[in-house]
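Visitor: Need coordinates for the below:
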Amino acid sequence: MAYYMVKPEVAGRLGEGTVLDHSTHPPRVERLEYEIVGWTGDDLMTGFPSYVITDHLAGKLRGAGLSGFDLRDVRITFSPEGEDALRVMGFSDFPAVKWFYVTGQAERDDFGLTPRGRLVVSGNGLTGLRQGRLDQARIEEYDPEIHK
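Guide: Okay, here's the model as predicted:
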């Protein structure tokens with residue numbers, strides 16, 4: 001089965017309200033606040049080591065019965081640059097989102113993480129993601145020797 005490395009749009013960063021457990025690498029996020037600094041409209045976003053997904057795309061993935069993720073609450077905030085970026089891009093508001101909490105293992109589940117926290121998806125997972133907008137995402141075939 002083919003797997004793919006997905007590098008989503010970096011639309012923001014961890015906000016001040018994020019709680020991290022630094023006893024692991026990458027650090028484990030216990031509570032997520034995602035601060036938008038510049039969003040171009042993609043349905044999947046990242047701010048290392050976390051992922052955020054629009055409710056629209058999350059519903060598609062849930063409906064497809066894909067494995068390796070949970071949807072959790074996330075607090076969204078906006079930097080002044082993020083507010084400006086929304087206006088410049090012509091968005092009247094930011095969509096409802098969830099924390100896309102990856103629980104799976106790379107090359108086993110539809111969504112998994114490498115030991116370095118990189119997102120790896122199965123062919124079915126990629127089909128699910130492509131039901132949303134991923135214009136800024138970089139997608140390439142996963143090679144465990146290269147993408148550690």
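Visitor: quick one, what contacts F78?
Guide: If a contact means CB atoms under 8 Å, 6 or more residues apart in numbering, then F78 has 35-36, 86, 94 as its contacts. C-beta: built from backbone N, CA, C; applies to glycine.
Visitor: how near is it to W39?
Guide: Look at F78 and W39: by CB to CB, to the nearest Å, they are 9 Å apart.
Visitor: Could you say which helix or strand holds the most centrally placed residue in the chain?
Guide: Nearest to the mean C-alpha position of the chain, by CA atoms, centre = their mean, lies Y51 at 2.7 Å. Secondary structure here is read from DSSP states H and E; on that basis Y51 sits in strand 50-54.
Visitor: If you count neighbours, what's buried in the next helix or strand along the chain from that strand?
Guide: Following the chain from strand 50-54 toward its C-terminal end, the next helix or strand by DSSP H and E is helix 55-63. Neighbour-count burial for helix 55-63, with 16 or more other CB atoms under 10 Å as criterion, is recorded at 57-58, 60-61.
Visitor: Tell me the helix or strand right after helix 55-63.
Guide: Moving toward the C-terminus from helix 55-63, the next helix or strand (DSSP H and E) is strand 69-72.
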